[in-house]
Structure formats: structure tokens, C-alpha cells
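Enquirer: Return atomic coordinates for the entry below.
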Amino acid sequence: MMVLAGNWWAFVLRGVVAILFGIMAVLLPGMALLTLVYLFGFYAIVDGVFSLIAAFRKTGPEQLPWWALVIEGILGLIAGVVALILPGLTALVLLYVIAGWAVATGIMELVAAVRLRKQITGEWVLVVIGILSIAFGVLIALFPGAGALTVVLWIGAYAIVFGILLIALGVRLRSWARREEEYGRGFPTVAPGH
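Expert: Numbering: from 1, shown residues only. Prediction:
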């Protein structure tokens, strides 16, 4: 548990990046597909890097599914690099790449929630993130012809909600880490009569 709690800031930072990406997508829905490809590529790479940092920055016992964060990070990096190296991908292919990435990320979040259910309260946030990610990926895969504008708005809304939930999880982990730190130190004692 200390691995995730010690890296609470990575979840908050991932959330902030997701919200910024989502706001840009919502405010600029008419942007060119190429710009969307680059924005998604950079976002996926940054998200993947933060997942890897959280996985490899060991601050406590290895009780957690660090491997789930590694897989999530690698998938994010792959999706981002593919988007940046092949910016000429058609909108349909890009949508399927985004859908696959969202489903894979959602599955990894659900795995993490199951593994953490006995160590933390509030694992429901990870469950919600996972379910939203999977639902988002499935919706994109099922309705790719909904139009680029609609998809940009879906992507923006998804990123904003995902970001808010990541920030909530990071804040919760920070609170947990502080409580653990306080209990670990113990409480000062006062001699009788003072």
C-alpha cells in the first residue's frame, strides 16, 4: 500500500494532465484530426510515464500489483508513440487505438482495485475509473461513425472525469499515507504531573 500512497502525487498529476487534455478537447472540438492525434499521443505518453514512475518508485513493502501499473504504463507509451509516429492514421484506426487503450487501462484499474480492497478504503474510485474506461472504449468501438466532433467531445468528457477521479484517488492516498506516518511515529507521552 505504501508504494501507491508514497506516490499519491503521481495520481494527482495524471489527473491534472487528463483534465487539461479534456478541457482542450471540449473547448476546441473543431481542431484538426492531426492535432487530436498529437494531443492524444502526448497525453498517453505522459500518463504512461507517470504509471511507470508509480510502479518503480518503491517506498514500502511490495504488496501491491506494481505489475498492473507497469502494464498500464507500457500500453500508454505504446499508444502514444504509435499516434506520434504514424500521425496519418485514419480517424477510424485512431478511434480503435483509443478504444483499445481505454479498455486495457480500465482492466488494469479493476485489477488494482481488487488487489487493494483489503488495504484501503475507497477502492471504489479505482473501480469507477476502470468501469468508465472500459465503457468509454466499448462505446468508441461500437460507434466509430458518430462523427469526429462527437468523438472529440466524448474524449474530452472522458478525460475530465478520469482526471477528477485520479485526483480524488491521489488525495485519498495522501490522507492514508499521513495517517500511517502518524501512527508509525507514535504519540508523545507526557510524564504524570506535567
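
Enquirer: now the strands for the protein?
Expert: In order along the chain, the chain carries no strands (DSSP state E).

Enquirer: shaky segments in it?
Expert: Per-residue confidence for the chain (pLDDT under 70) gives these ranges: 1-6, 30-34, 58-64, 88-91, 120, 145-149, 184-194.

Enquirer: If we go by neighbour counts, what in the lengthiest helix in the chain is buried?
Expert: Secondary structure of the chain per DSSP state H: the longest helix is helix 148-185. Within helix 148-185, the residues that qualify as buried by neighbour count (16 or more other CB atoms under 10 Å) are 148, 151-156, 158-174, 176-177. Just so you know, the C-beta spots here come from the backbone N, C-alpha and C atoms, and that holds for glycine as well.

Enquirer: What's the separation between the nearest residue to Gly106 once chain neighbours are set aside and Ala159?
Expert: Across the structure, with CB to CB, 6 or more residues apart in numbering as the measure, the residue nearest Gly106 apart from its sequence neighbours is Ser133 (3.0 Å). Between Ser133 and Ala159 the computed distance is 11 Å (CB to CB, to the nearest Å).

Enquirer: just Thr150 next, same as before
Expert: As judged by CB to CB, Thr150 and Ala159 stand 15 Å apart.

Enquirer: and if you look at Lys118?
Expert: Here the distance between Lys118 and Ala159 works out to 30 Å (CB to CB).

Enquirer: any common contacting residues for Ser133 and Ala159?
Expert: By the contact definition CB atoms under 8 Å, 6 or more residues apart in numbering, Ser133 and Ala159 are jointly contacted by no residue.

Enquirer: Return the residues in contact with the residue nearest to Val70 when sequence neighbours are not counted.
Expert: Distance criterion CB to CB, 6+ apart; nearest residue to Val70, sequence neighbours excluded, is Ala55 at 4.6 Å. Neighbouring residues of Ala55 by CB under 8 Å, 6+ apart: Val3, Trp66, Trp67, Leu69, Val70, Gly73.

Enquirer: No further queries at this time; thank you.
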